[in-house]
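Chemist: Generate coordinates for the sequence data below:
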Amino acid sequence: MSAPTQGPPAQWSGQPAEGWQGHYQPAGWIPNSHTGTGGLVTALAVIGLGALAWYYLGPDLRRYLKIRSM
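Modeler: The predicted structure follows:
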């Protein structure tokens, strides 16, 4: 048998093969212009609900904590 011929190892050039763009599109982050508005509305809703809860439950909660500490 003859020995296999060995040449220099193949090296990757760092460039993708030609024509790959039409076959593969990586999923990426798509910026959303409404993200800031949604976050602001959510924050205002949470703050408003917290204020309402404190207005209605605050006096009773303070009274309960005072009685509990006695």
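
Chemist: Distance of residue 69 relative to residue 63?
Modeler: Counting by CB to CB, to the nearest Å, the separation of residue 69 from residue 63 is 11 Å. (Glycine included, C-beta is placed from N, CA and C.)

Chemist: Which one's more surrounded, those two?
Modeler: residue 63 (10 against 6; other CB atoms under 10 Å).

Chemist: Could you look up the SS state of that one?
Modeler: Judged by DSSP: H, G, I helix; E, B strand; the rest coil, the three-state class of residue 63 is helix.

Chemist: residues near residue 62, how many?
Modeler: Counted with other CB under 10 Å, residue 62 comes out at 10.

Chemist: nope, residue 38 is what I was after
Modeler: For residue 38, the count of nearby residues is 10 (other CB under 10 Å).

Chemist: confidence score at residue 53?
Modeler: For residue 53, the pLDDT comes out at 92.

Chemist: just residue 5 next, same as before
Modeler: For residue 5, pLDDT reads 65.

Chemist: Low-confidence regions, this structure specifically.
Modeler: Per-residue confidence for the chain (pLDDT under 70) gives these ranges: 1-36.
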